[in-house]
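> Structure for the following, please:
(2 chains)
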Amino acid sequence: MSRLSIRNVGKTFPGVQGGQPTQALQPVSLDVADNDFITVLGPSGCGKSTLLRLVAGLETPSTGDILLDGEPVTGPGADRGVVFQSYTLFPWLNVRQNICFGLREKGMPAKQQREISDRFIAQVGLRGFEAHFPKQLSGGMQQRVAIARALANDPKILLLDEPFGALDNQTRVLMQELLLGIWEQAQKTVLFVTHDIDEAIFMASRVVVFTARPGRIKTEVATDFPHPRPYTIKTSPEFMAIKARLTEEIRAEAIAADH
Amino acid sequence: MKLLVPVTRENRIVLGIAFFVGFVGLWGLVTWAGLVPPHFLATPWQTVASGFNLFVAQKFSFDVGMTVWRVVGGFLIAAVIAVPLGIAMGAYKPIEAFFEPFISFARYLPASAFIPLLILWVGIGESQKLTVIFLGCFFQLTLMITMIVSATRRDLVEAAYTLGCTDTGVIRRVLLPGAAPEIAEALRQVLGLGWTYIIVAELIGASSGIGHMITDSQALMATDHIIAGIVVIGLVGLISDLAFKKANQHLFSWSLLR
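Below you'll find the predicted structure:
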């Protein structure tokens, strides 16, 4: 059964101060199966983040429907975990309290919250940092907490909006491996938005390429490298071939966006 | 001196005290040298002695107590209404649109200008003093809190929604804790504002309080008492400010992290 079904979903933002309305997203359709890892790749400002925000329920589509397990999405909810590009940990809560945020909202008993948070703190490699506040953590650590916080809620689907975009290159690569490792163990449905071609190929079972704004799906590429995937596949000929192809696709769109 | 480089704790204390020393020194120089007649400006020593005398012989502590209670009382009444109203205005834009224009207007009405009117309405008793403080603090505080709550980071609100929060959950678990340190800071500043209004309220139609003592002393040309009164106001204000600051730092230590 298809978990997430996006059907002719488009978004037009009203004009600011009497200006022209902006079409961010042309109607797109996309099906994401159970335990699928989809990366959405596109040039800056192509509407890929808008698509993610629509699925998260943070924006309302201008056209079309979004169904999760057959139920229409009408607003944000705990069944769709989101990791944002900006650091969105609550600065007044420590690492454990941040991870337990959604669990507490559900009214889960403290003991159970502790067990779950322990598990995810270990999984993202932050044992010993439970009592640290977000400002005491590096950017990569903060995003690991954000991933743990989203996963602790046990969502049906995990939505990530360029979560590693603000990190330095080395950290980003390690974070990709960490997230992929979690996905291999936990088997979650993931929708991952990025403009980084390597990242899109390395993480995905399927790469969805967007056109320049107003965005629509240009092409889809299956990336069936076996799991577990070591970082060494990034230099394999198969990987390079896909990268070469996607580089051309994205370059054409970036040029189109510039004119 | 380098741009924006913080000073050490020791240097901060030394520099802060240095100004007081210089200020009192200049004051002493001008008065002891006889540059101004003592009836216009008492010497620092005379002021300290009078202040001591005020407390020991003239029950000045009762006046100070009255003034403190009026400021704190009026401020608390203002805070109890302004904090929830400001939060509601910050969180819900129609509520803001309803109250904001009037409060912005009322903020510019000088509380001291209401004193003659208030004397007619509520007399010269305690309620008049409390009302002046209330008027002086309330509108300012409400607008400050509205602004603070409005400035809540949108991405934190969105994160809370995606973690399963309802609107009330977002107010309780994101807007309130996020705004709390700045609300406490606004309360501290507005309490200081209350101190400037109380003296004006006590200058007219009061039978106790620091302001009352100052008006009485003016009639007697006792500039040493006036200055001692002013210094006491400054000291009480400084102490309450420091206490507030310490409490805020203790309560919201997370907001001081860099």
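
> for the stretch 151-258 of chain B, what are the low-confidence residue spans?
Within the stretch 151-258 of chain B, no range satisfies pLDDT under 70.

> Next: the stretch 101-250 of chain A.
For the stretch 101-250 of chain A (pLDDT under 70), the answer is none.

> Which residues of it lie near chain B?
A:101-102, A:105-106, A:133, A:135-136, A:149-150, A:153 (Cβ under 8 Å from any Cβ of the partner chain). Quick note: C-beta positions are derived from backbone N, CA and C, even for glycine.

> Scan these and report the most crowded one.
residue A:149 (30 neighbours; other Cβ atoms under 10 Å in any protein chain shown).

> give the contact list for that one.
Residue A:149 makes contact with A:89, A:98-99, A:101-102, A:120, B:163, according to Cβ atoms under 8 Å, 6 or more residues apart in numbering or on different chains.

> Just to be sure, which of the residues of the stretch 101-250 of chain A next to chain B are found in helices?
Among those, the members found in helices (DSSP state H) are A:101-102, A:105, A:149-150.

> can I get those in JSON lines with distance to residue A:189?
Putting those into JSON lines (distance: Cβ to Cβ, whole Å) gives the following:
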{"residue": "A:101", "distance to residue A:189": "22"}
{"residue": "A:102", "distance to residue A:189": "18"}
{"residue": "A:105", "distance to residue A:189": "22"}
{"residue": "A:149", "distance to residue A:189": "18"}
{"residue": "A:150", "distance to residue A:189": "13"}
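
> Packing partners of the longest helix seen in chain B?
The helix that spans the most residues within chain B, counting by DSSP H, is helix B:60-91. Packing partners of helix B:60-91 (3 or more Cβ pairs under 8 Å, 6 or more residues apart in numbering or on different chains; DSSP states H and E): helix B:44-57, helix B:93-107, helix B:126-150, helix B:176-203, helix B:210-219, helix B:223-251.

> Out of the ones you listed, which gets nearest to chain A?
When these are compared for distance to chain A using Cβ to the nearest Cβ, the nearest one is helix B:176-203, at 4.7 Å.

> near chain A, which residues of chain B?
Within chain B, the residues that sit near chain A (Cβ under 8 Å from any Cβ) are B:153, B:155-156, B:158-165, B:169, B:173-174, B:177-178, B:180, B:252, B:254-255, B:257-258.

> ok, 10 Å please
Residues of chain B lying close to chain A by Cβ under 10 Å from any Cβ of the partner chain are B:153-166, B:169, B:173-174, B:176-178, B:180-181, B:252-258.

> any chance you could map the strands in the stretch 151-259 of chain A?
A:157-161, A:189-194, A:206-210, A:217-222 (DSSP state E, counting those that start in this stretch).

> Just put the ones you listed in TSV and tack on mean neighbour count.
What follows is the strands of the stretch 151-259 of chain A, written out as TSV (neighbours: other Cβ atoms under 10 Å in any protein chain shown):
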stretch	mean neighbour count
strand A:157-161	24
strand A:189-194	25
strand A:206-210	23
strand A:217-222	14
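
> out of the ones you listed, which comes closest to residue B:190?
Residue B:190 lies closest to strand A:157-161 among these, at 39.7 Å (Cβ to Cβ).

> partner strands of the closest one, parallel or antiparallel?
Strand A:157-161 has the following strand partners under DSSP bridges: strand A:80-83 (parallel), strand A:189-194 (parallel).

> and the longest one with strand A:206-210, angle?
Think strand A:189-194. Angle of strand A:189-194 versus strand A:206-210, following axes from the mean of the first three to the mean of the last three Cα atoms, to 10 degrees, is 40 degrees.

> Give me the distance between strand A:189-194 and the centre of its chain.
The chain centre lies 4 Å from the centre of strand A:189-194; the measure is Cα atoms, centre = their mean, to the nearest Å.

> Kindly export it (C-alpha atoms) in PDB.
Extracted C-alpha coordinates of strand A:189-194, given in PDB (Å, rounded to 0.1, in the frame of the first residue of the first chain):
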ATOM      1  CA  THR A 189       9.200   6.300   5.100                       C
ATOM      2  CA  VAL A 190      11.300   9.400   4.300                       C
ATOM      3  CA  LEU A 191      10.900  12.400   2.100                       C
ATOM      4  CA  PHE A 192      14.200  14.300   2.000                       C
ATOM      5  CA  VAL A 193      14.600  17.700   0.200                       C
ATOM      6  CA  THR A 194      18.000  18.800  -0.900                       C
END
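
> what residue is smack in the middle of chain B?
With distances taken as Cα atoms, centre = their mean, residue B:192 lies nearest the centre of chain B, 1.1 Å away.

> if we can go back for a sec, and of the strands of the stretch 151-259 of chain A, who's closest to residue B:187?
For these, the distance to residue B:187 is smallest for strand A:157-161, at 37.1 Å, taking Cβ to Cβ.

> confidence score at residue B:2?
On pLDDT, residue B:2 comes in at 87.

> ok, it - how many residues close by?
Neighbours of residue B:2 (other Cβ under 10 Å): 4.

> for residue A:92, same thing?
20.

> now swap in residue A:3 and tell me
18.

> Check the secondary structure at the residue of chain A found nearest chain B for me.
Using Cβ to the nearest Cβ, residue A:78 is the residue of chain A that sits closest to chain B, at 3.1 Å. Following DSSP: H, G, I helix; E, B strand; the rest coil, the label given to residue A:78 is coil.

> out of everything not next to it in sequence, what's closest to it?
Sequence neighbours aside, residue B:164 is the residue nearest to residue A:78 in space, at 3.1 Å (criterion: Cβ to Cβ, 6 or more residues apart in numbering or on different chains).

> how much space is there between that neighbour and residue A:91?
According to Cβ to Cβ, to the nearest Å, residue B:164 stands 20 Å off from residue A:91.
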